Each structure stands twice: as C-alpha cells, then as structure tokens.
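J.: With the input below, show me the fold.
(chains A and B)
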Amino acid sequence: EDQVTQSPEALRLQEGESSSLNCSYTVSGLRGLFWYRQDPGKGPEFLFTLYSAGEEKEKERLKATLTKKESFLHITAPKPEDSATYLCAVQASGSRLTFGEGTQLTVNP
Amino acid sequence: NAGVTQTPKFRVLKTGQSMTLLCAQDMNHEYMYWYRQDPGMGLRLIHYSVGEGTTAKGEVPDGYNVSRLKKQNFLLGLESAAPSQTSVYFCASSYKVSLTSYEQYFGPGTRLTVT
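T.: Predicted structure coming up:
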C-alpha cells in the first residue's frame, strides 16, 4: 500500500527564516511526486511535479527536490504570504494520487 | 478558463436526506475525481472517472455514487446522508502530462454538514 508521511505537522517561521518541509514516501514504482499549496477554505493549488531522483524544480522562493525515499520543499527567505498548508502526493499506478496530511506553515512578519 | 468549479459551496443536510454535488471543468480533461478532506485524515479519494461514461471506486466509496454522463461534468451523490459524511468535498480533474504521469487540478470545495 502506498504511504506518504509529511513532517513536521506544523512549522512556524519568522519572515526571512529559511527552512525545509519533508515528504517521505513508500510506493512501488513512483511515477510522479506532487506538491500542492492549500490556503484556508480553498482547494489545493498545484505547485510542482517531480519524476525521478535527483530532480529539482523552483518557483519563486520554493524549491522542491526528490530522492528515492523522500522529497523536500525548501523555502528560502519566506514571506507572510507563503503561509499555507503544503501537501505532498505520490502517483504509483494509473492516475490516482495518495496524499500526505500536509504541513501547516505560518510565517510571521 | 474557469478551471474546475463546484456547486454548491456550502450545504447543510439532515440525516437521511439526499443531495448531489456538481463538478464542472472547462479544460477538456479526461480524468475527474472526488475527494473528501477531514482533519487529521488528509485528502481521500471517493470515486474517480477515466473518461465520459466511466466511473471507478476509490479509497472510501461507501455511501456515495457518481456519474459522468458528459466529459466536462462529474456528479457526486449522497442517497441517505449520515453525520459521518460531514466533510469538505473537492473535485479535481487531470490530464496526461507524459506516458505515465498526470497532473491534477482542484476545485474550490464544497463544505457539507450533516446534522
């Protein structure tokens, strides 16, 4: 059974304080690892897809990396508007995704 | 493009009542999904569809039915609502990015309370 574990559950940062979120996964045959951002009361917003170990993708202050067992979402010099819940999901077979429970990030000014 | 839209945004039902949630997408995506999101449980797949006229069960299908009569619409039905179905429901659609990979895009959600 595919499993996705995200840590920490919650993270509080000061504006400008860089950090990383972790997504550990267990799947048989990874076809894609996805990161989403979810704001309160809204649907998840697609950020990145990573396909193979060693791959990296960047978008503004966010950089996602992938190894054979985990993915990291690095946040460089975060701003208060980066506050959100970040979700990780894996695709192993077909088009279905298995989601982690998310990391709730709060960036204080 | 509106992307993925959901109707209604909020609903309160009494136990035993029925209702249908509507999902529409204007991106011409083949695949559509219904999830529920509960605190501490993450997003869980209820049912999905890989094309017009097809449906399949996900992780938590009991108590729900779905239909995909048109490519752009995916309906989620609750025939006899129970308090355990109180949740936030998200619809998503996806397209094939590569031979084996898909990217899913989500709607804004429907908050359902069953009393």
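J.: Now the residue in chain A positioned nearest to chain B: closest residue in space that isn't a chain neighbour?
T.: Proximity of chain A to chain B (CB to the nearest CB) peaks at residue A:43, 3.7 Å away. All C-beta atoms are positioned from the backbone trio N, CA, C, and that covers glycine. In space, and not counting its chain neighbours, residue A:43 is closest to residue B:106: 3.7 Å by CB to CB, 6 or more residues apart in numbering or on different chains.
J.: and that neighbour, bridged to which residues?
T.: Residue B:106 forms beta bridges with residue B:92, as assigned by DSSP bridges.
J.: Let me see the contact set for it.
T.: Contact partners of residue B:106, counting by CB atoms under 8 Å, 6 or more residues apart in numbering or on different chains, are A:36, A:43-46, B:4, B:90-92.
J.: could you flag which of those are buried?
T.: Buried members of the contacts of residue B:106, scored by 16 or more other CB atoms under 10 Å in any protein chain shown, are A:36, A:43-44, B:4, B:90-92.
J.: and chain A, which residues reach chain B?
T.: By CB under 8 Å from any CB of the partner chain, the part of chain A that sits against chain B consists of A:31-32, A:34, A:36, A:41-46, A:49, A:51, A:87, A:89, A:91, A:94-97, A:99-102.
J.: Apply 7 Å and report the result again.
T.: Listed as neighbours of chain B in chain A under the rule CB under 7 Å from any CB of the partner chain: A:31-32, A:42-44, A:46, A:49, A:51, A:91, A:95-97, A:99-102.
J.: Please pick the buried ones from these.
T.: A:31-32, A:43-44, A:49, A:51, A:91, A:95-97, A:99-102.
J.: so which of those residues comes closest to residue B:84?
T.: residue A:101 (19.0 Å; CB to CB).
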